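Enquirer: Turn this into a structure:
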Amino acid sequence: MTSQRIAVERDPVEPGPDRPLTIWVDGEPVTGTAGQTIAGVLLGAGRRQWRTTREGGAPRGVFCGIGVCFDCLVEVNGLPDVRACLRRAQDGDVVADQGAPPSGGSLPEVTS
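Expert: You can find the predicted model right below:
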């Protein structure tokens, strides 16, 4: 049996370990480290919530941490409904508290 060498390329999105980055959250600069998710940067800065529920205005932040729930949704660079637990922060990202989703109306009826 012969051994093979496998070339491992670096992730082009990952600038390198311990490299600082700054994202803008609701107009304020927040620093983190390359490779962190947006949720990781926010949690590292002491922020535990960044969205509220439609009914009751209950605070939400990270719940599952793996993209299954919708508790960590934020707006990133103008794009709404981004899961902060999955999206890697990139230097200069503009993150906005999404607040409560718009209310009104109801779900459409399903017809078969």
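Enquirer: Show me the helices in this protein, by range?
Expert: 38-44 (DSSP state H).
Enquirer: At the geometric centre of it, which residue do we find?
Expert: Geometric centre of the chain, nearest residue: A84, 1.3 Å, by C-alpha atoms, centre = their mean.
Enquirer: Wait, that one touches V62, no?
Expert: Yes. Between A84 and V62 there is a contact under C-beta atoms under 8 Å: 7.2 Å. Heads up, the C-betas are built off the backbone N, CA and C, glycines and all.
Enquirer: So for the two, which residues contact both of them?
Expert: Each of 39, 72 lies in contact with both A84 and V62 under the rule C-beta atoms under 8 Å, 6 or more residues apart in numbering.
Enquirer: and the residue nearest to the centre of the chain, what does it touch?
Expert: With C-beta under 8 Å, 6+ apart, A84 has these contacts: 37-39, 42, 50, 62, 72-74, 95.
Enquirer: for the protein, what are the low-confidence residue spans?
Expert: Applying pLDDT under 70 to the chain flags the ranges 1-17, 99-112.
Enquirer: need the strands for the protein, in chain order.
Expert: Assigned strands in the chain, in chain order: 20-25, 28-33, 51-52, 59-60, 73-76, 79-83, 94-96 (criterion: DSSP state E).
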